[in-house]
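Asker: Output the structure for:
(2 chains)
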Amino acid sequence: MTWLVDGLSGLALLCGAFFVIVGGAGLLRMPDFYTRMHAAGVTDTLGAGLILLGLMLQAGWTLITAKLLLILIFLWLTSPTASHALVRAALSDPQNPPPLLQEDIQSVPSPSSTHLSEGERIEQAK
Amino acid sequence: MLRILGLWSFCAGLWLVLSGYFDIPLLLVFGALSCALAVFIAWRVEKADPEVQPLHLRVGPQIILYWPWLLWQIVLANLDVARRILDPQLPVSPTLITLKPTQRSEIAQVIYANSITLTPGTITTSLSDGVLEVHALTREAAGSLLEGGMDRRVAALERSNA
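Answerer: A predicted model of the protein is given here:
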């Protein structure tokens, strides 16, 4: 039985790590603040969830599992609130560029030129 | 009175789980006393701030069904967003949409808004006067919200409460 639990736990930890890395990659690849928030969402829902699940399987039916479950519940209650507060703050500041919409994406051929236009925006701000 | 007792039992349960002491009487008494203090402070705060509303959400059979469904939606949305991140073309189509949630109570609307934000690919940017504004990573994600499957499920939760 232990090898089964260990295997499942290892699998959950590996998948969790994978999603955390993908979330980080998304954070770097996405064109603007708002789309980056979506990439960060991958990290704190499935990434954190799978890692905590893997740790729970390691701990077995102990108090540690109860605590890990509490961490998961609090994380899933607070992270939407935090994302919402961040997005609201970004939208309410008139100095921030408005969210890129699909029309803008189509006029921008590749992610590299998006970075260029971001640089230009900074130049103009100066 | 029942609410105060309920709050105290909740605090005590949390204290037991987090401390892990079950057999040292002195510490258990200290724990019980600190829970009582916390409940007393909460009671005082509630009197001072009339805006505070106790959470009236009974856990019915519906919410037991809603959580696994939401969890499954989160997994599906995660896989979709992860696939798009790893795609060299980066196929995103950010969209802003407004939704009119059909839930009547504020708490149900907040559950709906939080469920949207918790699902990767969609973030609620504002909720006021019964109108939700959502930023979606892709047109497909925005479209599935406009279909209203999640909205109906949260509204059903509300009906089971009333």
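Asker: Next, count neighbours for residue 39.
Answerer: I went with chain A, as the question did not name one. 25 (other C-beta atoms under 10 Å in any protein chain shown). For every residue, glycine as well, the C-beta is placed using N, CA and C.
Asker: that answer is for a different chain, and I need it for chain B
Answerer: That count, for residue B:39 with other C-beta under 10 Å as the rule, works out to 20.
Asker: residue contacts, it?
Answerer: By C-beta atoms under 8 Å, 6 or more residues apart in numbering or on different chains, the contact list for residue B:39 reads B:4, B:7, B:8, B:11.
Asker: Same check on residue A:76?
Answerer: A:45, A:49, B:118.
Asker: Ok, residue B:123 next?
Answerer: Residue B:123 neighbours (C-beta under 8 Å, 6+ apart): A:34, A:37, A:38, A:41, A:83, A:84, A:87, B:116, B:117, B:134, B:135, B:136.
Asker: what's the distance between residue B:91 and chain A?
Answerer: Separation of residue B:91 from chain A (C-beta to the nearest C-beta, to the nearest Å) stands at 10 Å.
Asker: Against residue A:32, how distant is that residue?
Answerer: Residue B:91 is 16 Å from residue A:32, where distance means C-beta to C-beta, to the nearest Å.
Asker: When these two are compared, which one has more neighbours?
Answerer: Taking other C-beta under 10 Å, residue B:91 and residue A:32 do not tie; residue A:32 has more neighbours (19 against 11).
Asker: Got the confidence number for residue B:48?
Answerer: Predicted confidence (pLDDT) for residue B:48: 69.
Asker: May I ask which helix or strand of chain A has the lowest mean pLDDT?
Answerer: Ranking every helix and strand in chain A by mean pLDDT, DSSP states H and E puts helix A:111-125 at the bottom, with a mean of 45.
Asker: circling back: which one of the contacts of residue A:76 is nearest to residue B:30?
Answerer: Nearest to residue B:30 among the contacts of residue A:76 is residue A:49, at 34.1 Å by C-beta to C-beta.
Asker: okay, now that closest one: neighbour count?
Answerer: Residue A:49: 21 surrounding residues under other C-beta under 10 Å.
Asker: Secondary structure element holding it?
Answerer: In the assignment (DSSP states H and E), residue A:49 maps to helix A:48-59.
Asker: Flag every residue of chain B that's near chain A.
Answerer: Residues of chain B found near chain A (C-beta under 8 Å from any C-beta of the partner chain) are B:14, B:17-18, B:20, B:74-75, B:78, B:81-82, B:85-86, B:90, B:92-96, B:113-114, B:117-126, B:135, B:137, B:139.
Asker: Which element, helix or strand, includes the residue nearest the centre of chain A?
Answerer: Geometric centre of chain A, nearest residue: residue A:40, 1.8 Å, by C-alpha atoms, centre = their mean. Following DSSP H and E, one finds residue A:40 within helix A:33-42.
Asker: Taking helix A:48-59 as reference, get the angle to that helix.
Answerer: If you take axes from the mean of the first three to the mean of the last three C-alpha atoms, to 10 degrees, helix A:33-42 sits at 10 degrees to helix A:48-59.
Asker: list the helices and strands helix A:33-42 packs on?
Answerer: Judged by 3 or more C-beta pairs under 8 Å, 6 or more residues apart in numbering or on different chains; DSSP states H and E, helix A:33-42 is in contact with helix A:2-29, helix A:63-92, helix B:61-86, strand B:122-128.
Asker: so which of these comes closest to residue B:33?
Answerer: helix A:63-92 (21.8 Å).
Asker: Name the residues of the closest one that come out as buried.
Answerer: For helix A:63-92, a neighbour-count test (16 or more other C-beta atoms under 10 Å in any protein chain shown) marks A:65-66, A:68, A:72, A:76, A:79-80, A:83-84, A:87-88, A:90-91 as buried.
Asker: Identify the residues contacting residue B:156.
Answerer: Contacts of residue B:156 by C-beta under 8 Å, 6+ apart are residue B:62.
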